[in-house]
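>>> Quick check, what structure comes out for this input:
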Amino acid sequence: MAHTDQAEAVSELSKTVGELVDRERIRELIALLARGEDRRDAELITAGYWPDAVFDYGMFAGDFAAYLAWVVPGSPAIPVTQHVLGQSLVELRGDEARAETHVVAYHRVDTGEQERDVVLGGRYLDRLEKRGGAWRVASRTMLYDWTQDLGTSVDWSQGMMGAPFSGDHFTGRAVGDFSTTFFGA
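Here you go, the predicted structure:
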């Protein structure tokens with residue numbers, strides 16, 4: 001193999017590895033944002049969006065400051081959320097990327113009379129930018145594909161399947177969740 005052929009092969013391999021690293025960083029960023037929303041963690045959310053980011057969730061549209069004020073502390077009427085992410089299609093375009101990520105989101109909704117479990121399915125459409133070597137979301141649009149009201153939430157005070165929990169940290173919550181202690185926060 002000639003020297004120029006080797007150099008081209010190394011250059012192509014370097015480009016491919018760089019793209020793989022960028023895609024993985026984007027996927028991790030999207031996962032950290034879901035965790036930030038679920039835990040209502042302003043620091044984690046802020047680390048994933050550019051300060052000039054814009055949002056459109058259909059029921060909320062605005063800039064980053066307005067979004068952060070909307071999602072943290074979050075509504076007291078939604079004491080538990082869980083965003084489960086599916087596949088992400090990531091298209092790299094230099095220092096810009098487009099990503100579509102499937103999400104199934106659970107919300108425990110406190111109506112004042114009872115708590116209800118609601119699940120929805122949709123997709124995040126993210127436009128990301130790489131600035132100073134770091135990827136962050138520049139804009140996000142939420143698309144909704146389906147929703148299901150599952151009815152009255154389970155009464156965790158009875159434990160699970162008739163077996164009481166040995167502590168109150170076994171049930172999830174948006175604020176004060178045991179996972180924050182687990183990760184050392």
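
>>> Mind jotting down where the strands sit in the chain?
Assigned by DSSP state E, the strands in the chain fall at 49-56, 61-63, 80-93, 96-110, 115-131, 134-152.

>>> Using a markdown table, please lay out the ones you listed together with distance to G172, mean neighbour count and mean pLDDT.
Placement of C-beta: from N, CA and C, glycine included. Below are the strands of the chain laid out as a markdown table (distance: least, Cβ to Cβ, whole Å; neighbours: other Cβ atoms under 10 Å; pLDDT from 0 to 100):
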| stretch | distance to G172 | mean neighbour count | mean pLDDT |
| --- | --- | --- | --- |
| strand 49-56 | 24 | 17 | 97 |
| strand 61-63 | 28 | 13 | 96 |
| strand 80-93 | 5 | 15 | 96 |
| strand 96-110 | 9 | 18 | 97 |
| strand 115-131 | 12 | 17 | 97 |
| strand 134-152 | 15 | 15 | 97 |
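
>>> Quick one: closest of those strands to A31.
strand 80-93 (6.1 Å; Cβ to Cβ).

>>> The closest one packs against which elements?
Applying 3 or more Cβ pairs under 8 Å, 6 or more residues apart in numbering; DSSP states H and E, we find strand 80-93 packed against helix 3-39, strand 96-110.

>>> Identify, out of those, the most deeply packed stretch.
Comparing the helices and strands packed on strand 80-93 by mean neighbour count (mean count of other Cβ atoms under 10 Å), strand 96-110 comes out on top with a mean of 18.

>>> which residues sit against that one?
Applying Cβ atoms under 8 Å, 6 or more residues apart in numbering, the external contacts of strand 96-110 come out as 22, 26, 30, 34, 76-91, 115-130, 135, 153.

>>> what separates A65 from T180, distance-wise?
24 Å (Cβ to Cβ, to the nearest Å).

>>> higher neighbour count, these two?
The residue with more neighbours, out of A65 and T180, is T180; 13 against 10, by other Cβ atoms under 10 Å.

>>> if you skip the residues just before and after it, what's nearest to the more buried one?
R39 (6.1 Å; Cβ to Cβ, 6 or more residues apart in numbering).

>>> isn't the one you found right next to R173, touching?
No: using Cβ atoms under 8 Å, R39 makes no contact with R173, being 9.2 Å away.

>>> Mean pLDDT lowest where, among the helices and strands packed on strand 80-93?
Mean pLDDT across these is lowest at helix 3-39; the value there is a mean of 90.

>>> counting contacts, what elements does that helix pack onto?
helix 42-46, strand 80-93, strand 96-110, strand 115-131, strand 134-152.

>>> any idea of the angle that helix forms with strand 80-93?
160 degrees (axes from the mean of the first three to the mean of the last three Cα atoms, to 10 degrees).

>>> how big is the angle separating helix 3-39 from strand 134-152?
40 degrees.

>>> quick one, what contacts the spatially most central residue of the chain?
Central residue of the chain (Cα atoms, centre = their mean): A34, 2.0 Å from the mean position. By Cβ under 8 Å, 6+ apart, the residues touching A34 are H83, L85, V103.
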